[in-house]
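[1] Please work out how this folds:
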Amino acid sequence: MSRILIVEDEERIASFIRKGLNANGFTTTVVGTGSEAVDHAITGGFELVLLDLGLPDTDGFDVLRRIRGSGVDVPVVILTARDGLRDTVTGLETGADDYVTKPFRFEELLARVRLRMRGERTTDTTVLHAGELALNLRTRRVTVDGDDVDLTAREFALLELLMRHPGQVLTRQQMLSHVWGYDHDPGSNVVDVFVRALRRKVGAHHIETVRGMGYRLTG
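    Sure thing, here's the model as predicted:
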């Protein structure tokens, strides 16, 4: 089982990432300081590091330099609220493999993780199928019985989530967390609104309402 080191001092975000990765079959360890991050990363045994830049004891760039300086070549994905070009370039030049800005959707983070994990690139599915539905993760193209369907970014993310779990009931809370990220409003009805929009575009029979629970994708 692949092990991921999460370096994040904000408990809410760390918990959000940890739960999502665990649900997708990864083993996770969470640390909240740069010194802990360096110790864990150098010790080894991790296939990937998710590294926040805004740590309480040091800057994440310094942590990355120390990890790379020790000769550890584990893939590192930076997580940060800094979205300036200079920070992005600095992170990549320092040795990061990828850069994800906050706030982010879990599905986006999961895709980045799978891409950077050793050996994951060759096994990850590029096209998802469900009946006459086809969703291409690389080209972001969705077709119904061969005809292109125009979806918004959120609609695409929601359909991708459903198609990754065919026949499984997904709660509204799960959908909010995966598609809208950790800043979602748990009292919002946005999931129902987007499900209705998806049904109009891909066919109502593909998305079944499970009363009192949520939704699931049918063939």
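[2] and for the helix or strand containing Phe16, what are the contacting residues?
    Counting by DSSP states H and E, the element that carries Phe16 is helix 11-23. By CB atoms under 8 Å, 6 or more residues apart in numbering, the surrounding residues in contact with helix 11-23 are 4, 6, 8, 28, 30, 32, 50, 52, 102, 106, 109-110, 113, 177-178, 181-182. Yep, even glycine has a C-beta here, placed from its N, CA and C like the rest.
[3] Which members of these are positioned in strands?
    Ile4, Ile6, Thr28, Val30, Leu50, Asp52 (DSSP state E).
[4] Before we move on, what's the pLDDT of the first one?
    Pointing back at Ile4 there. Ile4 carries a pLDDT value of 95.
[5] Going forward, count from 20.
    Sure thing, new numbering starts at 20, so read that last one as Ile23.
[6] Could you report the distance from it to Gly90?
    For Ile23, the distance to Gly90 equals 20 Å [CB to CB, to the nearest Å].
[7] do the fourth one as well
    Here Val49 is placed at a distance of 24 Å from Gly90 (CB to CB).
[8] out of those two, which sits in the more crowded spot?
    Val49 (18 against 7; other CB atoms under 10 Å).
[9] Local confidence estimate at that one?
    Val49 is given a pLDDT of 96.
[10] ranges for the strands of this structure?
    22-26, 46-50, 67-71, 95-99, 117-120, 146-149, 152-155, 160-163, 166-168, 189-190, 226-229, 233-236.
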